[in-house]
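[1] dropping a prediction and its sequence here:
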Number of protein chains: 2
Amino acid sequence: MTRDRSRRRAEGRSEAPRDASTAPFRLLQNPWPPLTVISPAAEDRLHEASVQILENTGIEFLDDEALDLFAQAGAAVQRETRRVRIDRGLLLETIAKAPSSFTLHARNPERNVIIGGDYIVFSPVGGPAYSTNLERGRRPGTLADYEDLVRLTHIFNILHHGSDTHVEPTDLPVETRHLDYLYRLITLTDKTIMGPIRGRVLARDAVEITAILFGGHGVIREHPGLISIVNANSPLRYDNVMAEGLITYARAGQAVVVTPFILAGAMGPITLAGAVAQQNAEALAGIALAQLVNPGAPVVYGGFTTDTYMRSGSPSFGTPEAAWAILVGGQLARRYHLPYRTSGGLNSSNVPDAQAAYESMMSLWPSILAHGNFIYHAAGWIEGGLTTSYEKFINDVEVLSMMAALLDGFEINDDTLALAYIDQVGPGGHHFDTAHTLARFSTAFYQPLISTRQSYEAWVESGSLDAAQRAHLKWKALLKTYQQPPLDPAIDEALRDYVTRRKRELEPP
Amino acid sequence: MTRDRSRRRAEGRSEAPRDASTAPFRLLQNPWPPLTVISPAAEDRLHEASVQILENTGIEFLDDEALDLFAQAGAAVQRETRRVRIDRGLLLETIAKAPSSFTLHARNPERNVIIGGDYIVFSPVGGPAYSTNLERGRRPGTLADYEDLVRLTHIFNILHHGSDTHVEPTDLPVETRHLDYLYRLITLTDKTIMGPIRGRVLARDAVEITAILFGGHGVIREHPGLISIVNANSPLRYDNVMAEGLITYARAGQAVVVTPFILAGAMGPITLAGAVAQQNAEALAGIALAQLVNPGAPVVYGGFTTDTYMRSGSPSFGTPEAAWAILVGGQLARRYHLPYRTSGGLNSSNVPDAQAAYESMMSLWPSILAHGNFIYHAAGWIEGGLTTSYEKFINDVEVLSMMAALLDGFEINDDTLALAYIDQVGPGGHHFDTAHTLARFSTAFYQPLISTRQSYEAWVESGSLDAAQRAHLKWKALLKTYQQPPLDPAIDEALRDYVTRRKRELEPP
């Protein structure tokens, strides 16, 4: 290296290459054509099978209001069995009222996201009952864990969104914990939020809190500020809890991600075609319900179909079957002009090892290729979703950031083709020292967060840490840098008042 | 589980679900449309830039015969600088003589492969100087390591092909080791083979040995039985060693994979557009040379462009930049109707950890989407290609097998849609016990090789092994089951005679 180059390089370093911990917030758009994996005829056949399921077998709604809504709309409702049969005309006419994309609002408007079209929203894991890290191992989730995971979500701008349950805070009373974690989610990050939705009580609290945050029910009805996941109780059933949540959110104009959770061979046919046809029937029925409640309410078509490990009956994640279901689900969501929810980091590993990584990639890549719009569980998931791993969270942030860099592509123009420099360097030379290189070297390439570029010898000298161990050091260091985003004190007070009042009302005597 | 189901399940188990270690040999075809990531106009511009490089800057061939061939064909050859300038007419006319696909023959005809079209050939790593496993750690490669890695390649039918240097046997004399490892490769597997190509001596030995194996030069000229990689000495140079190897193989009708190895910012422009344009120019020049030697000789368009870690000048692997180069390279290879070589398992990790896995997936997925036909380094690569990891080899076999299962897709027909069973099970039931499930449960889904499906508790009880540790147990167990494929004793003797004679000739006095 010439002295001149060393000097310029030193100057270049002061430009501070950005890794995932310092990257700015931005919306991601998928520039690629969606991948079509089944023929139009096969897609028609899947659609037709789903329609036949809803017309002939029908679907159960355990909630009375749901039955009323379907009956009023003209569906064949059998009250005693709670079975609803929906003909294709009503189905297609109803789901056509759903918007093909919508803006989900954040309390910081600069962090609003668009869900639909070519946009990609990455959301961390939601739902695990345990959390683990290399320091203290696996334990039932606590509020402290939840707070740390929301802080990490706030730090990494590749994550557009905060989950309601990065981990379930099992150290809090079950009746009121939703108030505590939702308050923490709102105050610890200014990104868009997911709310509790299981049953009327939780769903209403989530809507009330969102209304306080944004300035009233009228405001959030026009500008949704809350999203959540409704799972069908597959096969072919929505229980009270799910239907109530769906209805409550939809009525308030908040976004619902309707996601059947189908294990092929258990909650659906063992053959993937049948499992996906059933997924489609269940998703469309849930979406239709939301549109009957409130035409035009924001909804997302969700898929979560995977295979069952038949020896134990437990789900397998990050499998070829699940990848295919993600890809085919994308074709169906596009057919109905609906935003599409997939999962980006699923795996069956119990530790953040190679399996966790390759299975997650068998979940993320299809999600991108299928034009997933809301990619859930994209950071932190291990152990089939029972546990959130801090180190896996960091590894996933690296992977999502790499994917975003790839989707950005690279410009092809006179400047980047650099023919004059190729000519100047000529055969057998090198480009280290060209003006073209020197002007760009500190920012030209993706800057890793924890991936090593060290030689073997340097790596051994620095402690032979694997990716999980480096991830461990990374999250611990970054949590120390966390800064809480400011919140209007009046809103904060109103939120606290609501939480205090409701905790009094909900706490068991 | 009902008793009846247990019984049937027990019967089902005797069908022995197949994992990667028992899967039969088969050709893979890519059913998906290739992913187009740049516009036709951008692709034209890259092509035009490459043509301009070859017309204006030109490319160096240090070999006299290469200069003669280009001069005879009408290229502008500057003898003193060894610079060849090729106009677009000559270039396109010459590369058009290359076949768009060809059959590479194995000594067992059932293991022939097709290279080109929609076919996918997975090849393990080639080139590392070290090998490592969890038992003994990292050491310079030995013939014993090489033999073990060929045996594993033989066992796993997802690997279609054997490399000449799964690891370099550094315990053998450099002058003659190519004879030893090529003999081992031919005798330990009956799959297609890669041969040494660096310089006339090695390349001729490889061709002679292949001729002995298949029954003469005339036979292999019509039915190529040997393939190898020629790297350009980027930027814009083919040295003697590479040009001699390319000419020797092409003249004998053996397949050459012409692969520039470009580190953007070092051996090419730091901007990816320029690096890929240079890759394209170099690849086309090498392919043109092969066609001048022997019109119609089997060739493969290779890409190996990645970014440089500018702090150390070393290559980075499995990066977004490399993924983009793979995808764009595919568009260019298709433009010229040439088979395409990519790399499927590249990474910069020093151990078979999460980084090794996710970077490999950033290399494999684009290779599949770009319609890579010959996917090299698909199993075993770690440490930027300096080391072959036995455990990574196993993990990669798992991943390649998952990818093959995904590419197979799933049938959509009356049987697989299973509407009668969906109706029979109805809302809230389960499919565990249906005749549809019972007929299929033992073979329905991808069967993992080392990926765990155990619950956390069962996994802890069985030793808390991570993916690398399970892979370790797997390769050790499988090597014990290895069976050497038979070889005609007369051919074996002829091969031994050749090796013995050439070792005598080549050994330093």
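    Right, received. Where do you want to start?

[2] contacts, neighbours, all on C-alpha from now
    Noted.

[3] what about the closest residue to chain B within the stretch 101-250 of chain A, how many residues nearby?
    Closest contact between the stretch 101-250 of chain A and chain B, by C-alpha to the nearest C-alpha, is at A:Leu236 (4.5 Å). For A:Leu236, the count of nearby residues is 31 (other C-alpha atoms under 10 Å in any protein chain shown).

[4] so what's it up against?
    With contact taken as C-alpha atoms under 8 Å, 6 or more residues apart in numbering or on different chains, A:Leu236 is in contact with A:Gly58, A:Ile59, A:Glu60, A:Gln278, A:Glu282, B:Gly426, B:Pro427, B:Gly428.

[5] only whichever of those are buried, select them in PyMOL.
    Buried residues within the contacts of A:Leu236, by 16 or more other C-alpha atoms under 10 Å in any protein chain shown, are selected in PyMOL with:
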select buried, (chain A and resi 58+59+60+278+282) or (chain B and resi 426+427)
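
[6] out of the contacts of A:Leu236, the closest to A:Ala356 would be?
    A:Gln278 (28.2 Å; C-alpha to C-alpha).

[7] I'd assumed A:Ile53 was in contact with the closest one.
    Yes - under the criterion of C-alpha atoms under 8 Å, A:Gln278 makes contact with A:Ile53 at 7.4 Å.

[8] the domain parsing of chain A - what is it?
    As recorded under automatic domain parsing, the domains making up chain A are A:40-93, A:101-408.

[9] touching chain B at all, the shortest one?
    Yes - between domain A:40-93 and chain B, judged by C-alpha under 8 Å from any C-alpha of the partner chain, the touching residues are A:Ala42, A:Arg45, A:Leu46, A:Ala49, A:Ile53, A:Thr57, A:Ile59, A:Glu60.

[10] just the buried ones out of these, please.
    Of the residues of domain A:40-93 next to chain B, these count as buried by 16+ other C-alpha under 10 Å: A:Arg45, A:Leu46, A:Ala49, A:Ile53, A:Thr57, A:Ile59, A:Glu60.

[11] just the ones of those residues in strands?
    A:Ile59, A:Glu60 (DSSP state E).

[12] what about A:Ser314, how many neighbours?
    17.

[13] nearest residue to it other than its sequence neighbours?
    Sequence neighbours aside, A:Thr308 is the residue nearest to A:Ser314 in space, at 5.6 Å (criterion: C-alpha to C-alpha, 6 or more residues apart in numbering or on different chains).

[14] same check on A:Thr81?
    Closest residue in space to A:Thr81, ignoring its immediate chain neighbours: A:Glu60 at 7.6 Å, by C-alpha to C-alpha, 6+ apart.

[15] now swap in A:Ile53 and tell me
    A:Ala281 (6.6 Å).

[16] wait, that neighbour sits on A:Asn56?
    No - assessed by C-alpha under 8 Å, A:Ala281 is found out of contact with A:Asn56, at 11.4 Å.

[17] higher neighbour count, these two?
    A:Ala281 (27 against 15).

[18] list the contacts of that one.
    Per C-alpha under 8 Å, 6+ apart, neighbours of A:Ala281: A:Ser50, A:Val51, A:Ile53, A:Leu54.

[19] for ChimeraX, write a command that selects the buried ones of those residues.
    Buried subset of the contacts of A:Ala281, written as a ChimeraX selection, criterion 16+ other C-alpha under 10 Å:
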select /A:50,51,53,54
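
[20] the longest strand anywhere in chain A - contacts with which helices or strands?
    Longest strand of chain A, by residue count under DSSP E: strand A:255-264. Packing partners of strand A:255-264 (3 or more C-alpha pairs under 8 Å, 6 or more residues apart in numbering or on different chains; DSSP states H and E): strand A:227-232, helix A:240-251, helix A:272-293, strand A:299-302, strand A:304-309.

[21] hang on, the earlier thing: neighbours of the residue nearest to A:Ser314, how many?
    25.

[22] check A:Thr500 too.
    Neighbours of A:Thr500 using other C-alpha under 10 Å come to 13.

[23] and if you look at A:Met361?
    29.

[24] so the helix or strand hosting it versus helix B:354-369, what angle?
    A:Met361 is part of helix A:354-369 when elements are defined by DSSP states H and E. Put simply, helix A:354-369 runs at 40 degrees to helix B:354-369, going by axes from the mean of the first three to the mean of the last three C-alpha atoms, to 10 degrees.

[25] quick one: list the elements packing against helix A:354-369.
    Looks like helix A:354-369 contacts helix A:320-335, strand A:340-343, helix B:354-369, helix B:390-408, helix B:467-481 (3+ C-alpha pairs under 8 Å, 6+ apart).

[26] I'd like those laid out as JSON lines, including distance to B:Asp488 and mean pLDDT.
    Shown next, in JSON lines, are the helices and strands packed on helix A:354-369 (distance: least, C-alpha to C-alpha, whole Å; pLDDT from 0 to 100):
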{"stretch": "helix A:320-335", "distance to B:Asp488": "40", "mean pLDDT": "98"}
{"stretch": "strand A:340-343", "distance to B:Asp488": "53", "mean pLDDT": "98"}
{"stretch": "helix B:354-369", "distance to B:Asp488": "37", "mean pLDDT": "98"}
{"stretch": "helix B:390-408", "distance to B:Asp488": "30", "mean pLDDT": "98"}
{"stretch": "helix B:467-481", "distance to B:Asp488": "22", "mean pLDDT": "98"}
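
[27] tabulate the ones you listed (TSV), appending distance to A:Tyr119.
    Listed next are the helices and strands packed on helix A:354-369 as TSV, based on distance: least, C-alpha to C-alpha, whole Å:
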stretch	distance to A:Tyr119
helix A:320-335	13
strand A:340-343	10
helix B:354-369	21
helix B:390-408	25
helix B:467-481	34
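
[28] right, so the ones you listed: which one is the most enclosed?
    Greatest average neighbour count among those goes to strand A:340-343 (a mean of 31), per mean count of other C-alpha atoms under 10 Å in any protein chain shown.
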